[in-house]
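Asker: what shape does this take:
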Amino acid sequence: MYRRTALSGSIALLALLASACTGTGGSSKGADAEAPDDPSEVKGSITVLTHRTDLVQDGTMKKYAAEFNKTYPGVKVEFDGLTDYEGEVKIRMNTENYGDVLMIPAVVEKKDYPRFFASLGTAAEREAEYRFTGYSTVDGKVYGQSPIGVVPGFVYNKKVWSEAGVTDWPTTPAEFLDDLKAIRSKTDAVPYYTNFKDMWPLTQWTNVNGSVGCDTDATTKLAEGDPWAEGADLRVGDTLLHDIVSGGLAEKDPTTTNWEGSKPKLAKGEIATMWLGSWAVVQMRDAAEQAGADPADIGFMPFPAQKDGAFCAVTSPDYQQAVNVNSDHKEAARAWIDWFTDESGYAAANLALSPLKDAPLPEILKPYEEKGVKLIDLDDSKGAEVKSIDNQSEVGIYKPDYRQELVDLARGARKGGLDDYLGGLGERWAEARNSLGS
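Answerer: Down below sits the predicted model:
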């Protein structure tokens, strides 16, 4: 089953990919993938690597290809759906044969994008029209484009919250905790569900960065300072997660959670709340229909913090599509990316944020629009430095391990206090930053 995750490669994967850069993989051709002028003249057969195995299996991707062929009849599109997408692609990238179009694996460091992918154009050209261009910009050129964007938030069962007497969104972490306590005392629902065992949902908590302080420079601050300093976004988010668990407001045994099982439970009101992203709403609504519950009960709310009286939520890209720099059919591959981004309707079908800046918000974000939630795009110019510091420190803000430790700390399965634990993370971060000269 597809899920939107904040993936990050391990040190081992980075080492393997680094060897690819000095071996047969990672061409230094630096070629551009030019946008075609005349669709009827574009020819060739391309292979698209995708993590959306569900859409390959149910024939949806073939339907997209058929629509694409109405504009580009001379291009044959084949799909290779990979269940272990990150693991498979990093192996293929030891060679030049990693598809014509692919989603950029998290393991590839940003500075290496020109070695593996063809440029889609300059940042100046693309950023006026598209969101997320900064996430794949190297030396002024853009190497990837996400077909959808996501916004973080709490997916919640509105019926359960209402039964607990809560109808307004909480505006502070303290209010949020009080609301969960009301749910615990007035309903039979688990107030909050960590999805601890499946691990990846815990990485979603990194998406509080920028949302708490409504700061477009939040990523830069990670690169230049302590992410767990007093009042810092990650400290606020991690403290809330800790307090939820330590206050007995989460499931009794986090080691027994189950992601797939959690969806119908939230849909039916057995679980009240989960911190995920806008991508999850459609899955929860589908689960409600299958369980005979009302999909309209599924709500979505921002992190409980406000700046100047307004909530904020960061936008971020899903996987970015890119053209293999070694492809013999770059023009056809570029045509697919442009069509899939601009014309396919993929974002709308997934109730996702469109990468097109002038597109309307999806229906699931209408409550955000109605209540004046500010959607902010983060400056990712320091994103590569943040990932380097993260890997060097072995903290893993894009991995689940440290938040699993945080949950264990909160439930008494690990010794220590919250301040000491977060302080230790900050020290490791500072040491890594200093060693890298950041």
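Asker: can you map out the helices along the stretch 101-250 of the chain?
Answerer: Ranges of helices in the stretch 101-250 of the chain, per DSSP state H, counting those that start in this stretch, are 113-116, 123-126, 158-163, 173-186, 200-203, 218-224, 233-246.
Asker: for those, give me a markdown table that also has distance to residue 345, mean neighbour count and mean pLDDT.
Answerer: Quick note: C-beta positions are derived from backbone N, CA and C, even for glycine. Below are those laid out as a markdown table (distance: least, CB to CB, whole Å; neighbours: other CB atoms under 10 Å; pLDDT from 0 to 100):
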| stretch | distance to residue 345 | mean neighbour count | mean pLDDT |
| --- | --- | --- | --- |
| helix 113-116 | 28 | 22 | 96 |
| helix 123-126 | 21 | 16 | 94 |
| helix 158-163 | 28 | 20 | 98 |
| helix 173-186 | 36 | 18 | 98 |
| helix 200-203 | 27 | 20 | 92 |
| helix 218-224 | 30 | 21 | 96 |
| helix 233-246 | 34 | 21 | 98 |
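Asker: ok, which of these comes nearest residue 431?
Answerer: Nearest of those to residue 431, taken as CB to CB: helix 218-224 at 14.5 Å.
Asker: save the helices of the stretch 101-250 of the chain as a markdown table, and put in distance to residue 54 too.
Answerer: Below are these laid out as a markdown table (distance: least, CB to CB, whole Å):
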| stretch | distance to residue 54 |
| --- | --- |
| helix 113-116 | 26 |
| helix 123-126 | 29 |
| helix 158-163 | 27 |
| helix 173-186 | 32 |
| helix 200-203 | 17 |
| helix 218-224 | 31 |
| helix 233-246 | 29 |
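Asker: closest one to residue 43 among the ones you listed?
Answerer: The nearest among the helices of the stretch 101-250 of the chain, by CB to CB, is helix 113-116 at 24.1 Å.
Asker: which helices and strands does the closest one pack with?
Answerer: Applying 3 or more CB pairs under 8 Å, 6 or more residues apart in numbering; DSSP states H and E, one finds that helix 113-116 contacts strand 321-324.
Asker: for the strand it packs on, give the mean pLDDT please.
Answerer: Strand 321-324 carries an average pLDDT of 98.
Asker: just checking, what packs against it?
Answerer: Strand 321-324 packs on strand 101-103, helix 113-116, strand 117-118, helix 330-342, going by 3+ CB pairs under 8 Å, 6+ apart.
Asker: do you know which of the ones you listed lies nearest residue 176?
Answerer: So among the helices and strands packed on strand 321-324, strand 101-103 is nearest, using CB to CB, at 33.9 Å.
Asker: how about JSON lines for the helices and strands packed on strand 321-324, with distance to residue 402 added?
Answerer: Shown next, in JSON lines, are the helices and strands packed on strand 321-324 (distance: least, CB to CB, whole Å):
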{"stretch": "strand 101-103", "distance to residue 402": "26"}
{"stretch": "helix 113-116", "distance to residue 402": "27"}
{"stretch": "strand 117-118", "distance to residue 402": "30"}
{"stretch": "helix 330-342", "distance to residue 402": "34"}
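Asker: can you report phi and psi for residue 356?
Answerer: phi -80, psi 120 (degrees, to the nearest 10).
Asker: isn't it up against residue 129?
Answerer: Yes. Using CB atoms under 8 Å, residue 356 is in contact with residue 129, at 6.7 Å.
Asker: hmm, back to that, which of the helices of the stretch 101-250 of the chain sits closest to residue 291?
Answerer: helix 158-163 (13.2 Å).
Asker: check the offset of the closest one from the chain's centre.
Answerer: 27 Å (CA atoms, centre = their mean, to the nearest Å).
Asker: how about the strands in the stretch 251-400 of the chain?
Answerer: Along the stretch 251-400 of the chain, counting by DSSP state E, counting those that start in this stretch, strands occupy 273-277, 298-301, 312-317, 321-324, 374-377.
Asker: what's the most buried one of these?
Answerer: strand 321-324 (a mean of 27; mean count of other CB atoms under 10 Å).
Asker: mind checking how far residue 208 is from residue 36?
Answerer: 41 Å (CB to CB, to the nearest Å).
Asker: compare the two (neighbour count), which wins?
Answerer: The neighbour comparison of residue 208 against residue 36 (other CB atoms under 10 Å) goes to residue 208, with 25 against 17.
Asker: I'd assumed residue 234 was in contact with that one.
Answerer: Yes. If you go by CB under 8 Å, residue 208 and residue 234 touch, sitting 6.8 Å apart.
Asker: not counting residues beside it along the chain, what's closest to residue 205?
Answerer: residue 237 (5.3 Å; CB to CB, 6 or more residues apart in numbering).
Asker: list the contacts of that neighbour.
Answerer: With contact set as CB atoms under 8 Å, 6 or more residues apart in numbering, residue 237 has these partners: 205, 206, 208, 209, 212, 303.
Asker: out of the residues you listed, grab the one that's most surrounded.
Answerer: Those, ranked by neighbours (other CB under 10 Å): first place residue 303, 27 neighbours.
Asker: is it true that it touches residue 151?
Answerer: No. Using CB under 8 Å as the test, residue 303 is too far from residue 151 to be in contact (10.7 Å).
Asker: spit out the residues that contact these two alike.
Answerer: residue 313.
Asker: same for the longest helix belonging to the chain, what does it pack against?
Answerer: The single longest helix within the chain, with elements called by DSSP state H, is helix 418-435. In terms of contacts (3+ CB pairs under 8 Å, 6+ apart), helix 418-435 is packed against helix 233-246, helix 383-393, helix 401-410.
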